[in-house]
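K.L.:
structure for this input, please:
(2 chains)
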Amino acid sequence: MAKIVLENLGHSYLSNPKSEHDFALKPVNLTWEDGKTYALLGPSGCGKTTMLNIISGLVPPSHGRLYFDDQDVTAVPTSARNIAQVFQFPVIYSTKTVRQNLAFPLECRGMNPSKIKQRVAEVATLLDLDYALDMPARKLSADQKQLISLGRGLVREDVSAILLDEPLTVIDPQMKFMLRRKLREINRQTGMTMILVTHDQSEAMSFADEIVVMKDGLVQQSGTPEELFSQPQNDFVGYFIGSPPMNMITLEPNLGSLCTEALNLTKPLPAGIPVGNDVAIYQMGIRPEHIVMVNEESDSIGKGTIIKIEHLGVDGVVTLKLPTGVIIKAKTRKHTEMMVGDTSGIRVCKKNALLYIDGTLSPSLN
Amino acid sequence: MLQIDHLTTAKAKVCLDNVSFLFEAGNIYTILGRTGAGKTELLRALMGLNPLTNGDIKLDNENITKRPIRDRDMSLVYQQFINYPHLSVLDNVAFPLRRQGKKKAEAQSLASTMLTTVGLGDFLHRRPSQLSGGQQQRVALARAMVKQSRILMLDEPLANLDYKLREQLREEFPRLVADNQESVILYTTTEPREAMELGNTMIVMHDGEIIASGPPADLFAHPPTKDTASVISDPPISFISGFVRDQVLYFGEGQLAPSEGLQLPPDGPVTIALRPDAIEPDGAFTAKIGLSEFSGSQTIIHLDFDFGRAIMMVEGIETFKSGDNLSISIQAEQIMLFAPDGRNITLRDN
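P.N.:
This next block holds a predicted model:
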């Protein structure tokens, strides 16, 4: 078990990087506490797998240092790092039983048979796979195979961290819930640090104590799911975290304040920023979850016409067209009571309307 | 109009078992099922790629069961992005038209229009390998659509894409296929939300059979069977064993009396189905918190009861400690009841 520290850690696949663009992972400083769950989140090509591979030792970083518990492991080979890793597709020995799969890494290390038996039993209990120990591994479902892959990493003692590279990709939606819960339980019971790589924001939010959002090799924001949801530092995080993405409504500077014809919500004009055409783009960011649809009469800050209703099960997403033509989305559980063509009032709590200047959150004014 | 009668296949990993359905042109059918439910098998059987042991396929009342693949007037888009690597994006999409015998200029002009529709108007002369995954799948989609086939089939077309790309293409999908008004569109997925969002009609498959079909919102509200309820619920639905005696519903140490929101069937065993909206904080029941997860503006709480597990979702960001006890209520008007044979036997007054 270990605390993991990334010190000015970056990587370029080119031998002589000249500009920022040449870095798959731009140098970053991060500290991950022992025993917590982390997620590296971003679109394809954002550098998240590069970061994971540096931690596991599969890729030696071109810049910076990596520490496990204050010990510099930058040059330590993968085999000496005590990492358990699970990949996108289950990696199992399909001709072996579950028991043989779990025992194999220990047999390779020459551990004595009675000790192996004990470790395999412990890990099987942790994974709820006791009943399956003597079944051929190939007979199990995809989510159980992923647990075996994980178990083969866990049987070794002194595992420093568990790295999970999109392990839920091939799992059906409902089983994802169960497997995620199982992973969290393993984290709680063993106290091992877990790092999950994913492009799925909902997976990251529900799994991790802290999320690192990445784009183009650059860390955009690192924080708790709550921070990323309620205070996205820039428009990319607002877009990438949350489904549907954050609504961004353009504001116009007008007599010392920022406002829009679309909604009756104003923000004070930030001091010290020159106003004029093309000086800056001012936007108000509002989460679809924070748009409350109310009767037109009650105290609302605007109204819109419902142009689309998406039934997503318990929740629904309603698309509203404001009188100015601006389109916004609201998330609600009352979607079954609404009809396309209806007019609805809109209410937004002031603290949930965030100001962005040129795409960056302006926290002092919110 | 596409009619299938008693389709049955053998020798595959998953076999179709007596599948019949009537598909109408201009409709989008989403076929929802877990891995191994028979979704891909159905598309491949329609296409003629997997042999039938029984059954007929009729296109506008003409039996095409024995017709060769190339004469079936069908297109299929796969989960993996499949394009011709040596052809430009434009020629990839023009290819099927050229094979139909269209002149090069006409084929390229139609292909170019279709590529503009899918948002690739600026990439006509690139190679597929120079595009992102989402763009490559748009090329495959454009190539399938440009033929204006009578049957357009998409086999989990978004499964290999990033979450956000998937969200974007789902949003655009109705517009992308708007030109295919004359086609029957079949779209398979494992994701209930995707099936509900994109389909006019949702078809639920399980173990090689069609077990339910209908408008998505109706099927969600009134799933005809327990298996259907299970396949279309995400987050998962929880099933709890109970029984009715003298007009009281018993489960574990809990009980519920009939109310306006829920009438009870005659005495006998029942399965009680709880979706997250059937459970609310504060009430007569006690549950142990297994885990709480954060999901946007909601908190998902995994609950362990003496009678089983269930999931609750509450608005706002709440911190619940694993292992603590929580008092909750069960909303009678939201629960569903299923008979031992799996039929939905929920009865409400309104």
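K.L.:
shouldn't A:Gly10 be within a strand?
P.N.:
Yes. Counting by DSSP: H, G, I helix; E, B strand; the rest coil, A:Gly10 is part of a strand.
K.L.:
does it touch A:Asn29 like I think?
P.N.:
No. Contact status for A:Gly10 versus A:Asn29: not in contact, 10.2 Å apart, counting by Cβ atoms under 8 Å. All C-beta spots, glycine's among them, are computed from the backbone N, C-alpha and C.
K.L.:
of those two, who's got more company?
P.N.:
Neighbours per residue (other Cβ atoms under 10 Å in any protein chain shown) separate A:Gly10 from A:Asn29, with A:Gly10 holding more: 23 against 11.
K.L.:
now that one: how far from chain B?
P.N.:
23 Å (Cβ to the nearest Cβ, to the nearest Å).
K.L.:
can you list the domains in the chain?
P.N.:
Unless you meant another one, I'm taking chain A. A:4-240, A:247-264+A:275-365 (automatic domain parsing).
K.L.:
hmm, I had chain B in mind actually
P.N.:
B:2-232, B:238-338.
K.L.:
can you tell me the distance between the two ends of the last one?
P.N.:
Looking back up the chat, that one is domain B:238-338. Across its full length, domain B:238-338 reaches 12 Å between end residues, using Cα to Cα, to the nearest Å.
K.L.:
give the contact list for A:Arg152.
P.N.:
Neighbouring residues of A:Arg152 by Cβ atoms under 8 Å, 6 or more residues apart in numbering or on different chains: A:84, A:101-102, A:104-105.
K.L.:
hmm, A:Asn82 is touching A:Val155, no?
P.N.:
No. Using Cβ under 8 Å as the test, A:Asn82 is too far from A:Val155 to be in contact (11.9 Å).
K.L.:
between those two, which one's more packed in?
P.N.:
Set A:Asn82 next to A:Val155 and count neighbours by other Cβ under 10 Å: A:Val155 wins out with 22 against 17.
K.L.:
ok so, going back, so which of the domains of chain B is the most packed in?
P.N.:
Counting by mean count of other Cβ atoms under 10 Å in any protein chain shown, domain B:2-232 has the highest mean neighbour count of these, with a mean of 19.
K.L.:
so A:Tyr239 is in contact with B:Gln168, correct?
P.N.:
No. Counting by Cβ under 8 Å, A:Tyr239 stays clear of B:Gln168, with 10.2 Å between them.
K.L.:
turn the domains of chain A into CSV, columns for mean pLDDT and distance to B:Asp277.
P.N.:
Shown next, in CSV, are the domains of chain A (pLDDT from 0 to 100; distance: least, Cβ to Cβ, whole Å):
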stretch, mean pLDDT, distance to B:Asp277
domain A:4-240, 92, 16
domain A:247-264+A:275-365, 87, 5
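K.L.:
cross the contacts of A:Arg152 against helices and list the overlap.
P.N.:
Using DSSP state H, A:101-102, A:104-105 are the members of those that sit in helices.
K.L.:
near chain B, which residues of the stretch 1-150 of chain A show up?
P.N.:
Residues of the stretch 1-150 of chain A that fall close to chain B, judged by Cβ under 8 Å from any Cβ of the partner chain: A:43-45, A:142.
K.L.:
so can I have TSV of the ones in helices among the contacts of A:Arg152 showing neighbour count?
P.N.:
Listed next are these as TSV, based on neighbours: other Cβ atoms under 10 Å in any protein chain shown:
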residue	neighbour count
A:Asn101	25
A:Leu102	26
A:Phe104	16
A:Pro105	18
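K.L.:
pull the most distant pair out of these.
P.N.:
Spatially, the most separated pair among these is A:Asn101 and A:Pro105, at 9.2 Å (Cβ to Cβ).
K.L.:
tell me the most buried of the domains of chain A?
P.N.:
Most buried of the domains of chain A, by mean neighbour count (mean count of other Cβ under 10 Å): domain A:4-240, with a mean of 19.
K.L.:
alright, that wraps it up for me.
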